[in-house]
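Asks: For reference, the sequence and a predicted model appear below.
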Amino acid sequence: MASSRYAVPAGRVRVEDEVKRSRFITTLDRANDADSARVVVDEMRATYADASHNCWAFLVGPPGSTGTIGMSDDGEPHGTAGRPMLNVLVYSELGDAVVVVTRYFGGTKLGKGGLVRAYSSGVQHALAVVDVAEKVDLTTIRVRIDYSFVEQIKRILPDHEAELSGEDYGSDATFLLSLPTERVEGLSGTLQNLTSGKAVFTTIS
């Protein structure tokens, strides 16, 4: 099962390389979904509208996943830009990333091997300098318990990285909790043991 937390770009970075007078500008950013990846691609196309090529690749999901990906050679010879760029992303330790490599042709052809190296290197250079954040998938649950367990349960919430986002006191105490998805099962087991199976759980989102 994939972890519900993984490394993602904390923000946008841009690096520049020159290969045989061709200028390569690499922009790396976070992409939470395919639509946001395409927004970055469109922005770079507009920013560098006079460039020879704006090649791109994106990966949405945990590092190494290929369920939601995209790539384009944008006029470069087939397989010399988008695929090599995507390969670098797939084998990096980042998820939810989009990269655009903009090329201004310098007059000297690089050949297929040279293009693959140039586009791959641009992505590698950007990955080397990007700040990294942690993405944590959260689940919200509702827990209904007897009043006698309220203080005990509040004390154990930090052990499961659970935050109390709402509470209601009627015939029973009802808590609304937000916690990492991977922690839900552990918290559920702990609370069932604590309350002898009397805690009632409902997953909200």
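Replies: Good, I have the coordinates.
Asks: where does the most far-flung residue of the chain relative to its centre land in three-state SS?
Replies: In terms of distance from the mean C-alpha position of the chain, S171 ranks first, at 41.9 Å (CA atoms, centre = their mean). The three-state assignment at S171 reads coil, by DSSP: H, G, I helix; E, B strand; the rest coil.
Asks: Could you do G189 as well?
Replies: Following three-state DSSP, G189 is assigned to helix.
Asks: Count residues in the vicinity of it, would you?
Replies: G189 is flanked by 10 other residues according to other CB atoms under 10 Å. Using the backbone N, CA and C atoms, a C-beta is placed for each residue, glycine as well.
Asks: Show the pLDDT at S148.
Replies: pLDDT recorded at S148 is 89.
Asks: burial measure for it, as a count.
Replies: 10.
Asks: just to revisit the earlier point, I'd like the distance from the residue farthest from the centre of the chain to G70, if you could.
Replies: Taking CB to CB, to the nearest Å as the measure, S171 and G70 are separated by 52 Å.
Asks: Can you tell me the closest non-neighbouring residue to R38?
Replies: G70 (7.7 Å; CB to CB, 6 or more residues apart in numbering).
Asks: I meant R5, not that one.
Replies: Leaving aside its chain neighbours, R5 sits nearest to V136 (4.5 Å; criterion: CB to CB, 6+ apart).
Asks: wait, what's in contact with the one you found?
Replies: 4-5, 180 (CB atoms under 8 Å, 6 or more residues apart in numbering).
Asks: do you know how far the residue nearest to T190 when sequence neighbours are not counted is from N193?
Replies: Nearest residue to T190 in three dimensions, chain neighbours excluded: I156, at 6.3 Å (CB to CB, 6+ apart). Taking CB to CB as the measure, I156 falls 11 Å from N193.
Asks: The helix or strand of the chain with the lowest mean pLDDT: partners in the sheet, and parallel or antiparallel?
Replies: Lowest by mean pLDDT, DSSP states H and E among the helices and strands of the chain is strand 200-203, with a mean of 85. Note on strand 200-203: by DSSP bridges, its sheet partners are strand 138-145 (antiparallel).
Asks: Show the average pLDDT along the strand it pairs with.
Replies: Per-residue pLDDT over strand 138-145 has a mean of 90.
Asks: Residues contacting that strand, please?
Replies: Strand 138-145 has contacts (CB under 8 Å, 6+ apart) with 153, 165, 172-181, 184, 187, 191, 195, 198-205.
Asks: Outline the domain layout of the chain.
Replies: 5-135, 137-203 (automatic domain parsing).
Asks: Of these, which stretch is the most buried?
Replies: domain 5-135 (a mean of 18; mean count of other CB atoms under 10 Å).
Asks: for that one, the distance to its chain's centre please.
Replies: 15 Å (CA atoms, centre = their mean, to the nearest Å).
Asks: which regions of this protein sit below the pLDDT cut-off?
Replies: In the predicted model of the chain, residues 1-3 satisfy pLDDT under 70.
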